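Q: Sharing a sequence plus its predicted fold:
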Amino acid sequence: MELQDFVGIPYVSGGRVIEGLDCWGLVLLAAKELYGFDLPDYSAYKDSDNLEQIKPLFEARSDWSRVDLEDAVDGDVVVLTMMGHPIHAGLYVGGGRMLHSMSGRDSCVERYTTSNWARRIEGVYRWQTR
């Protein structure tokens, strides 16, 4: 599969199949298909009002490391805040862009340097076992 194959997928809360994905489902599938590595599913993770806990999912495990934004490489995970909480994730795909999906929109590739996203970046994380 190519990057464009992941653009336009409908958003589905808790979605883990190509017919409908939430932000983490999209990151999981794209990391596997584009870069060949498996990320943890975090099956307890669902896009919900109680989802203030995405950042601890990364920080509680030794197989994730935080990297500086300027050192991001394809396949790193960009964690973003929504409503003041780090609850959204996208996949870094190079050139200051991320692949992501959110409620009310199909998946897309956007620059995270835009005013809409730059102020929301909580951190960038790299899966160590890839």
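A: All right, it came through fine. Numbering: from 1, shown residues only.

Q: By mean pLDDT, flag the weakest helix or strand of this protein.
A: helix 54-59 (a mean of 65; mean pLDDT, DSSP states H and E).

Q: And the top helix by length along the chain, what does it pack against?
A: Secondary structure of the chain read by DSSP state H shows that its longest helix is helix 23-30. Of the remaining helices and strands, those touching helix 23-30 by 3 or more Cβ pairs under 8 Å, 6 or more residues apart in numbering; DSSP states H and E are strand 16-17, strand 85-94, strand 97-100. (C-beta placed from N, C-alpha, C; glycine too.)

Q: right, so of those strands, which gets closest to residue 113?
A: Evaluated over these, closeness to residue 113 peaks at strand 97-100, with 8.8 Å, by Cβ to Cβ.

Q: right, and residue 22 touches residue 101 too?
A: Yes. Contact between residue 22 and residue 101 holds when scored by Cβ atoms under 8 Å: they sit 6.4 Å apart.

Q: Between these two, which contacts overlap?
A: Jointly contacting residue 22 and residue 101 under the rule Cβ atoms under 8 Å, 6 or more residues apart in numbering are residue 11.

Q: and those two? which has more neighbours close in?
A: For residue 22 against residue 101, the residue with the higher neighbour count under other Cβ atoms under 10 Å is residue 101, and the figures read 29 against 25.

Q: Test my guess that the more buried one contacts residue 91.
A: No. If you go by Cβ under 8 Å, residue 101 and residue 91 don't touch, sitting 10.0 Å apart.

Q: Pull up the overlap in contacts between the two.
A: Taking Cβ under 8 Å, 6+ apart as the contact criterion, the common neighbours of residue 101 and residue 91 are residue 26.

Q: What is the burial count for residue 7?
A: Summarising burial for residue 7: neighbours were counted as other Cβ under 10 Å, giving 13.

Q: likewise residue 5?
A: Neighbourhood size, residue 5 [other Cβ under 10 Å]: 13.

Q: what does residue 10 give?
A: Residues near residue 10, counting by other Cβ under 10 Å, number 13.

Q: Pretty sure it sits against residue 17.
A: No. Under the criterion of Cβ under 8 Å, residue 10 makes no contact with residue 17, lying 10.6 Å away.
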